[in-house]
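# Give me a 3D structure for the following:
(one chain, ligands or ions: 3)
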Amino acid sequence: MINQLVEVDKMEEECGVFGIYSRENNVALNTYWGLYALQHRGQESAGIAVTNGSWMDVSRGMGLVSEVFRHQLPDLPDQHIGIGHVRYSTTGSSSLMNTQPLKVKYSGGHISLAHNGNLTNARVLREKMEEQGSIFQTTIDSEVIVNLIARSRKATLEEKIVESLSQIEGAYCLVIMTEEKLIGVRDPHGLRPLCIGKVKDGFVLSSESCALDTVDAEFVRDVEPGEMVIIDHTGITAERFGDQGNQALCVFEYIYFARPDSIIDGQSVYQARFEMGRTLARQSGLKADIVISVPDSGTTAALGFSYESGVPFAEGLIKNRYIGRTFIQPDQKDRDRSVKIKLNAIKSIVKGKSVIMVDDSIVRGTTSGKIVRMIREAGATAVHMCVSSPPIIYPCYYGIDTSVRKELIAATKSIEEIRDFIGADSLHYLTIEGLATSLKTVQDKKMCYACFNSEYPGSTPCEQHCGGNKFVFEQEGPL
Ligand SMILES: O=P(O)(O)OC[C@H]1O[C@H](OP(=O)(O)OP(=O)(O)O)[C@H](O)[C@@H]1O
Ligand SMILES: NC(=O)CC[C@H](N)C(=O)O
Ligand SMILES: [Mg+2]
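Ligands and ions are numbered 1, 2, ... in the order given. Take a look at the predicted model:
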């Protein structure tokens with residue numbers, strides 16, 4: 001019984017990275033608060049590394065930020081750089097061995113590194129390095145980057161990093177710490193977000209701007225795709241690397257991953273979700289007695305749907321606030337159980353009503369089938385399922401754990417079969433065009449829609465390992 005409760009606590013998401021350079025602030029504590037704000041991006045493990053210029057200390061553990069650092073934060077006198085990570089595993093198992101930040105000692109000193117994203121050629125690089133005698137202590141792709149940096153013969157740290165980046169492919173936002181520097185890197189596609197904030201005597205790097213508010217940092221700008229920013233006692237400098245011609249921020253950040261109070265590449269996540277709901281209302285033309293949302297991340301789109309359609313919004317489902325996110329849990333048994341504990345219907349709201357239920361996505365179909373039944377059992381006369389994203393048909397290889405195509409319900413079933421499977425009266429998805437027009441501020445930017453249309457902006461692991469086929473690779477075992 002105790003084990004079951006513990007399992008339910010371990011929800012996960014997409015990794016979050018955070019870094020701070022400041023002499024006036026307690027960097028360990030600020031990193032802790034920053035990670036707290038990024039908790040929705042990864043709930044499997046958390047870690048913080050700090051340095052005072054002479055020593056580097058790292059502390060990591062399995063669980064939520066508040067669980068890992070329940071008793072103690074890394075504690076070095078005069079610490080002035082800190083980095084942190086919350087993990088949602090996409091390569092390598094969810095285990096203590098694979099927690100981040102990684103810390104290594106090499107000929108140039110110490111390096112700590114935290115990574116959000118997923119490399120598509122990590123296995124190839126690792127096998128090559130192993131053949132040449134390199135030793136790996138984890139099974140994550142991120143360790144390949146650390147090894148490349150440590151092995152580089154270039155003279156300066158910046159040159160070593162750029163040389164390493166020229167060898168890796170896929171998605172990566174990195175925060176890297178040495179005894180003197182805090183470095184932020186965003187891959188040339190810009191697949192994952194990373195932004196810069198300013199504190200009085202230094203700078204902050206964060207996956208999302210919501211964490212800047214938490215540590216009282218002022219938003220400066222996003223790190224550009226293919227940009228490396230270097231922060232040290234002289235301030236901040238930046239340099240470009242790689243080919244920035246094929247930029248493609250992950251559109252799923254706006255649909256589901258990011259917090260609605262974050263602004264990514266100039267686009268408010270809240271505004272994007274609200275517009276997705278409005279567009280879906282226009283596209284579906286649906287009317288009913290009430291609009292309800294599937295909390296949490298379906299709520300903003302449901303408000304937009306209600307606003308556009310004129311159908312009143314009501315809270316038909318209540319989410320247990322002590323439960324995290326379910327889609328990214330590593331195990332289907334956990335996901336099934338979590339949905340039951342997570343959501344409950346309010347009978348008095350839905351009884352005798354025709355209901356439009358809005359969620360941001362159907363991935364494996366774990367959530368929608370159960371709650372359509374729940375709303376019907378609570379007395380609704382009809383349940384229309386509205387999804388504020390297009391059907392997810394193709395795997396993500398860039399940091400979202402949907403790399404096995406057969407797990408995606410829309411990859412194996414038609415829309416009518418999904419409607420039947422979840423037991424809804426009707427099922428409506430936002431179109432790809434509708435999604436694109438909802439992203440008002442970033443309409444002119446190229447985004448990654450690969451999970452909807454299979455147009456991958458870069459290489460896929462399958463192409464690396466299976467000779468050209470995009471979809472046969474399954475991420476099992478190390479890398
Ligand atoms: O079809 P499925 O496999 O069930 O996945 C889709 C569901 O998972 C996500 O919610 P999640 O519970 O992860 O997080 P949330 O509380 O932020 O909505 C998403 O918002 C959908 O509700
Ligand atoms: N979701 C992520 O960004 C994961 C980062 C890295 N690939 C890991 O598995 O630890
Ligand atoms: Mg949800």
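# Relative to ligand 2, how far out is residue 274?
According to C-beta to the nearest ligand atom, to the nearest Å, residue 274 and ligand 2 sit 26 Å apart. To be clear about C-beta, it is placed using only N, CA and C from the backbone, and glycine gets the same treatment.
# after the helix or strand harbouring that residue comes which helix or strand?
Residue 274 belongs to helix 269-284 when elements are defined using DSSP states H and E. Next helix or strand after helix 269-284 toward the C-terminus (DSSP H and E): strand 290-293.
# what helices or strands is that next one leaning on?
Judged by 3 or more C-beta pairs under 8 Å, 6 or more residues apart in numbering; DSSP states H and E, the packing partners of strand 290-293 are helix 299-309, helix 347-350, strand 354-359.
# To what extent is the residue in the chain that ligand 2 sits nearest to buried, counted in neighbours?
Here the chain gets closest to ligand 2 at one residue, residue 15, 3.1 Å apart by C-beta to the nearest ligand atom. Residues near residue 15, counting by other C-beta atoms under 10 Å, number 27.
# Apart from its neighbours in sequence, what residue is nearest it?
In this structure, residue 15 finds its nearest non-sequential neighbour in residue 116, 4.0 Å apart by C-beta to C-beta, 6 or more residues apart in numbering.
# tell me the strands in the stretch 351-479 of the chain, going along the chain?
354-359, 382-387, 426-429, 447-448 (DSSP state E, counting those that start in this stretch).
# State the mean pLDDT of the second one.
Translated: strand 382-387. For strand 382-387, mean pLDDT rounds to 98.
# Strand partners (parallel or antiparallel) of it?
strand 354-359 (parallel), strand 426-429 (parallel) (DSSP bridges).
# Rebuild the ones you listed as TSV, extending it with mean neighbour count, distance to ligand 2 and mean pLDDT.
Below are those laid out as TSV (neighbours: other C-beta atoms under 10 Å; distance: least, C-beta to the nearest ligand atom, whole Å; pLDDT from 0 to 100):
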stretch	mean neighbour count	distance to ligand 2	mean pLDDT
strand 354-359	26	22	98
strand 426-429	20	25	98
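# Any idea which of the ones you listed gets closest to ligand 1?
Each of the strands paired with strand 382-387 has some distance to ligand 1 by C-beta to the nearest ligand atom; the shortest is strand 354-359, at 4.7 Å.
# rewinding a little: hang on, isn't the residue nearest to residue 15 packed against residue 187?
No - between residue 116 and residue 187 there is no contact under C-beta atoms under 8 Å: 10.1 Å.
# any common contacting residues for these two?
Jointly contacting residue 116 and residue 187 under the rule C-beta atoms under 8 Å, 6 or more residues apart in numbering are 171-173.
# Mind exporting the C-alpha coordinates of the helix holding residue 274 to CSV?
Listed next in CSV are the C-alpha coordinates belonging to helix 269-284 (Å, rounded to 0.1, in the frame of the first residue of the first chain):
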residue,chain,number,x,y,z
VAL,A,269,1.6,30.5,-23.3
TYR,A,270,-1.7,31.5,-21.7
GLN,A,271,-2.7,33.6,-24.7
ALA,A,272,-1.7,30.7,-27.1
ARG,A,273,-3.9,28.2,-25.2
PHE,A,274,-6.8,30.7,-25.0
GLU,A,275,-6.6,31.2,-28.7
MET,A,276,-6.4,27.5,-29.4
GLY,A,277,-9.7,27.1,-27.5
ARG,A,278,-11.3,30.0,-29.5
THR,A,279,-10.2,28.5,-32.8
LEU,A,280,-11.5,25.1,-31.8
ALA,A,281,-14.9,26.6,-30.9
ARG,A,282,-15.1,28.2,-34.3
GLN,A,283,-13.9,25.0,-36.1
SER,A,284,-16.3,22.6,-34.3
